[in-house]
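Asker: Model the structure of this input:
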Amino acid sequence: MRNKGLFFLIINLPPHIIIEILARLPPKKIIQCKSVCKKWLELINEPYFASFHFALSIPSLVVHQTEILKNFFKIVHFDDKYDHHSLPRDTMLKFNLKNLSIFSDSNIVVDGSVHGFLLVRDVNYKHETLYVCNPLTREYFQLPSPKGLVRYPSVVTHGFGVSSISQEYKVVRIFHERELHPRNRSCVRVPYSETQVYTLGKTGWRTIGGAPFAYDSRSIGLFFEGSLHWLIQDLEAAHDLISSFDLENEEFRPIPPPFTPRRKLLGSLGVLKGCLCLCDNTSNFEIEIWVMKEYGVEESWGREYSIKKIPELSGPSYQIVHALKVFKDGNILIVWGNFFMLYCCIKSEVTKEIDMDQPIEPSSIEAIHYVPNFQSLTRFSIEKVNKF
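Answerer: Numbers count the residues shown, from 1 in each chain. Alright, predicted model coming up:
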């Protein structure tokens, strides 16, 4: 009886107090709370709750795992303390994006993440399709098909972000026709390129011109400080640069890397501790992480972290490493290629694999930054929003 009385006391608290409590829970717990009573369901579905919760949201990850005949995603919450860190399993929220596509042979990947909305793509070349979804509200809509079929050796890359002043959400698509070297199949010339922009809630793709430099279809545009960023190749200078696309004025500009590489980088761009970073796996013995402490200032680049490779992964490598987070205790979370998620301790030089329920059979794992958001996609009024 005592527990029953306590239950009724809690569910009958004033609405503003209930919102204050629920908004601080991990997303998985909030979704479970929808089933407690009708009153809580209505409060959680209110636009005010979504806005209040988003203001308190703690950055997380969306982890994409694939194995034979399976393709699933998880929202992974960080437990980050000065004396320990973890990716607690009890807060992991699984979701499946397979139902977005009407095609049985679809292959869904995440191409961008901003404010809790995901840009996802069916990469099957027979029916390449783009979607925007919110995994917490289980909403999605399909983008119109852009022009320009992607057939080898042509490439396409995407980015997703929000403009700094107008606060418009935009998808950017860069299409390249390429000429390849007859022996090593590297890109030697881009005879034609096109940059297309789709603004969510508005009609149709806009072509704004060509795209400078040579882009890699394996990389996606990193959203940071109102711009999208790609690690690209300057064919004229024969080395890698960072290409930045300002989502407000829709213009490209180059950002010099921290050093001039002697050969093509095995690099990736990321954000660590609120700064743009470059993670380089070109060395045979260590992974170097360079950080731009003042955005846009070339002189502020510095080598912030050096991770000694474990024996199994030392030597020549062909895998790109993504740096995801520096924990308060100094450990760094990385994804090696699309095979391992690892904790790296700089002080002890110990690296260990994270158990993410990865199967023994052939599989892959990828991750992208994500901020939980319960706001509905119906805010983009002209888009045809569906449930999955």
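Asker: So which residues of this structure form helices?
Answerer: Chain-ordered helices for the chain, with DSSP state H as the definition, fall at 2-11, 15-22, 27-33, 38-44, 47-56.
Asker: Tell me the helices and strands packed up against the second one.
Answerer: Right, the one you point to is helix 15-22. Contact here means 3 or more Cβ pairs under 8 Å, 6 or more residues apart in numbering; DSSP states H and E; on that basis helix 15-22 packs against helix 38-44, helix 47-56. (Glycine included, C-beta is placed from N, CA and C.)
Asker: need those helices in JSON lines with mean pLDDT, distance to Ile368 and mean neighbour count, can you?
Answerer: Written out in JSON lines, the entries for the helices and strands packed on helix 15-22 read as follows (pLDDT from 0 to 100; distance: least, Cβ to Cβ, whole Å; neighbours: other Cβ atoms under 10 Å):
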{"stretch": "helix 38-44", "mean pLDDT": "93", "distance to Ile368": "25", "mean neighbour count": "15"}
{"stretch": "helix 47-56", "mean pLDDT": "96", "distance to Ile368": "18", "mean neighbour count": "15"}
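Asker: looking at the protein, which helix or strand does the model trust least?
Answerer: helix 2-11 (a mean of 67; mean pLDDT, DSSP states H and E).
Asker: rewinding a little: can I get the helices and strands packed on helix 15-22 in a markdown table including distance to Asp80?
Answerer: Below are these laid out as a markdown table (distance: least, Cβ to Cβ, whole Å):
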| stretch | distance to Asp80 |
| --- | --- |
| helix 38-44 | 25 |
| helix 47-56 | 16 |
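Asker: Tell me which of the helices of the chain lies nearest to Ile332.
Answerer: The minimum distance between Ile332 and these falls on helix 27-33, with 24.6 Å, by Cβ to Cβ.
Asker: For that closest one, name the packing helices and strands.
Answerer: Packed against helix 27-33, as judged by 3+ Cβ pairs under 8 Å, 6+ apart, are the following elements: helix 38-44, strand 93-95.
Asker: Out of these, flag the one nearest Val156.
Answerer: Evaluated over the helices and strands packed on helix 27-33, closeness to Val156 peaks at strand 93-95, with 25.6 Å, by Cβ to Cβ.
Asker: Okay, now the sheet partners of that closest one, with direction.
Answerer: In its sheet, strand 93-95 lies beside strand 70-76 (antiparallel), with partners assigned from DSSP bridges.
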